[in-house]
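>>> Based on what follows, work out the 3D shape:
(chains A, B, C and D)
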There are 2 protein chains.
Amino acid sequence: MKRITIADVAQHASVSKSTVSQYLNKRYDYMAEDTKQRIEEAIKELGYRPNIVARSLKQKTTMTIGVIVANILHNFSTQVIRAIEDICHDSDFHLIVCNADDNPVKEKRYIEMLQAKQVDGIIIFPTGDNVPLYNEMLAENYPIVFVDRIVPDVPIPSVMLDNEKAAGLAVQHFIDKGYERIGVITNVIRNVSPRIERINGYKKTLQSNGFPINEKYIKSLEVNRVQEGLEEMLALEPPIQAVLAGNDLTLMEILKYVKNHHLKIPSDLAIIGIDDVSFASFYEPALTIVAQPAFEIGKKAAELLFNKIQKKELEEELAVYRCEPALIVRKSC
Amino acid sequence: MKRITIADVAQHASVSKSTVSQYLNKRYDYMAEDTKQRIEEAIKELGYRPNIVARSLKQKTTMTIGVIVANILHNFSTQVIRAIEDICHDSDFHLIVCNADDNPVKEKRYIEMLQAKQVDGIIIFPTGDNVPLYNEMLAENYPIVFVDRIVPDVPIPSVMLDNEKAAGLAVQHFIDKGYERIGVITNVIRNVSPRIERINGYKKTLQSNGFPINEKYIKSLEVNRVQEGLEEMLALEPPIQAVLAGNDLTLMEILKYVKNHHLKIPSDLAIIGIDDVSFASFYEPALTIVAQPAFEIGKKAAELLFNKIQKKELEEELAVYRCEPALIVRKSC
DNA sequence: CTGTTAGCGCTTTCAA
DNA sequence: TTGAAAGCGCTAACAG
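Have a look, this model is predicted:
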């Protein structure tokens, strides 16, 4: 089954290729009505479908962007992707989704592949461990925006949560509710900015309230070690009374522990999580959480990227966009 | 900043374009060690990046597949995408993700766009309302596989859950536990196969156990009307004792209702959901669910597609692959 | 208003 | 073992 090309259409309509091309690109300012009709008919009859690859080669633009998420298992990533997809759809762009699995090697491979595929821009949840590559892209003025994380000394525009504030909101709420010994557990993957900022926010808020900082109340662990970590903090003398979960995966581990050990929330342990989770509102007790505006973040990232793509040389954008966290108070604290 | 092409490399290394091309495609069976070195060096120095678009135009293959999910909000879609992405990664393929939003018009647009982009194949969670298009693709022998749903009279290979069995497993478990008045709530979107099959499975299992079928115990509703529907079934005389949730979204609505009305699970209402949910194990009570092997489904779909892509003419594959549901018994029934 | 022509960057015979 | 040349399908001057 032979592919129909523009040449076939041209022949069928007894016009030249370029006329057909004009038609396809809606440049019929000066096209005879009659010609238009014939072309349209020919396209229908032949079932012609334009070959975008050929067009891309010529035009040096693919109407496609790539997004490399650090870890597609986080609910947050999915939501951001969805937001980006929405924006792309509105602008007739397409989205290539890649999952770097928090692996810098995979990330590098994906970046190179996407560039080779001539995508018009890339949105990255950076692993942070490909600084030379990031800088190279920056130097080439390649459209790129970071999401969720910033990379020190790499001035690529980045849209992310105001992490300090998010953690601060949670800690302040704990304090307002009368809790004094407040722990925090985050996920380590690598030295990635949200984790550090969230811990900073935690510390700052404690300090500004005149509370001491106890390093034993601060843990950064792999997901599968969260429960042990919590156990340790609960075994301390005196034990923690409240815990802040650094993200959704951590929160779920904490809830598992709580259930397994028949703890009561919030009397045995008060809990606040950063990241919304689908079940927060109907969990027992309903979970107090600090929500990230994932949709807004994705939208903003896509918009920044499109700006960059469209008017390459515009004045440099603000480097970092911080989105507002929202404390949703329910019953777990 | 000018793009480096193969011609630049050739010149820099004092060889011809074709030699460089050979090198890039690792066809150096007969290439002088010395030439190889020079080319490699030139590539490094110039920072050459191949242009895959040009290659695709020539080779008529893009090493890219598209996946159109019906609704990216379902947890199941995300998991399937992830599985597909994994397989693609192994085969150096890329994935363009599209969200049809259960909208046939959007679906059509995406299918056409993907074909125009020359993707090598498409995996679709079909809306079911583009039969002419589906058949056209089939006629063209375009590599395509369906996931999650079948479309009547469109013999495109499809990989999906054994829905009857899934519902049957749940109903049988209800019955084994002594429940007699068992309701089922599913999502309506359109007349899509899983819903119908799940209801069939429900009915068959009831019948094979000698139970009557009460149409009042069967509801297909939009997500935002699930709670009302449940309320009605609970207000019946006599009311239902147990309910099967047709998917994750429905299950969550049911749980919201249960919480709002302070019902006890399973004594006031026993619950089983189809589709795994992240919180099933640590919900109170832990939720009994019928899990879909999302990863397996995604993997199988990708494999089928790759087979089709690679050896176009192979004997026709089995039309429908049914994957096994797994009943995970916990405490909600 | 429409046709001719020259590429886009790469692969692929076929010669040399 | 390497090079010359044709061409993938489309677009974009520039003529006519």
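>>> What are the boundaries of the strands in chain A?
Applying DSSP state E to chain A gives strands spanning A:64-69, A:94-99, A:121-124, A:144-147, A:158-161, A:182-187, A:218-221, A:242-245, A:270-274, A:288-291, A:320-323, A:326-328.
>>> what residues go with each domain of chain A?
A:6-50, A:62-160+A:295-323, A:163-293 (automatic domain parsing).
>>> and of those, who's closest to B:Ile185?
Closest to B:Ile185 of the domains of chain A, according to C-beta to C-beta: domain A:163-293, at 15.9 Å. C-betas here are computed from N, CA, C, even on glycine.
>>> and the end-to-end length of the closest one?
Terminal residues of domain A:163-293 lie 12 Å apart, using C-alpha to C-alpha, to the nearest Å.
>>> returning to what we had before: ok, and which of the strands of chain A has the densest surroundings?
strand A:242-245 (a mean of 29; mean count of other C-beta atoms under 10 Å in any protein chain shown).
>>> and it, C-alpha only, in CSV?
Output of strand A:242-245 as CSV, limited to C-alpha atoms (Å, rounded to 0.1, in the frame of the first residue of the first chain):
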residue,chain,number,x,y,z
ALA,A,242,3.6,14.9,65.0
VAL,A,243,5.2,14.2,61.7
LEU,A,244,5.4,16.0,58.4
ALA,A,245,5.6,13.8,55.3
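>>> mean confidence for that strand?
The average pLDDT within strand A:242-245 is 98.
>>> and what of stretch A:102-112?
What stretch A:102-112 shows for mean pLDDT is 93.
>>> residues in contact with the closest residue to A:Asn214 other than its chain neighbours?
Excluding the flanking residues, the one nearest A:Asn214 by C-beta to C-beta, 6 or more residues apart in numbering or on different chains is A:Arg181, at 7.6 Å. Taking C-beta atoms under 8 Å, 6 or more residues apart in numbering or on different chains, we find A:Arg181 in contact with A:Asn214, A:Tyr217, A:Pro238, A:Pro239, A:Ile240, A:Gln241, A:Ala242.
>>> Could you list which residues are in contact with the fourth one?
Contact analysis of A:Pro239 by C-beta under 8 Å, 6+ apart lists A:Arg181, A:Met233.
>>> on that earlier part again, format the strands of chain A as CSV; extra columns: distance to DNA strand C.
Compiled in CSV, the strands of chain A are given as follows (distance: least, C-beta to the nearest atom of the strand, whole Å):
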stretch, distance to DNA strand C
strand A:64-69, 16
strand A:94-99, 19
strand A:121-124, 18
strand A:144-147, 20
strand A:158-161, 30
strand A:182-187, 40
strand A:218-221, 44
strand A:242-245, 48
strand A:270-274, 44
strand A:288-291, 45
strand A:320-323, 33
strand A:326-328, 47
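>>> what's the least confident stretch among those?
strand A:94-99 - the lowest mean pLDDT of the strands of chain A, at a mean of 91.
>>> if I look at the closest residue to A:Ile123 other than its chain neighbours, how far off is A:Val119?
Leaving out its chain neighbours, the residue that sits closest to A:Ile123 by C-beta to C-beta, 6+ apart is A:Val67, at 4.4 Å. According to C-beta to C-beta, to the nearest Å, A:Val67 and A:Val119 sit 10 Å apart.
>>> so what's in contact with those two at the same time?
A:Ile96.
>>> Flag whichever of the domains of chain A has the least confidence on average.
Across those, domain A:6-50 gives the lowest mean pLDDT, at a mean of 83.
>>> How about that domain and DNA strand C, touching?
Yes - counting by C-beta under 7 Å from any atom of the strand, DNA strand C is contacted by domain A:6-50 at A:Ser14, A:Val15, A:Ser16, A:Lys17, A:Ser18, A:Thr19, A:Gln22, A:Tyr30, A:Met31, A:Ala32, A:Asp34, A:Thr35.
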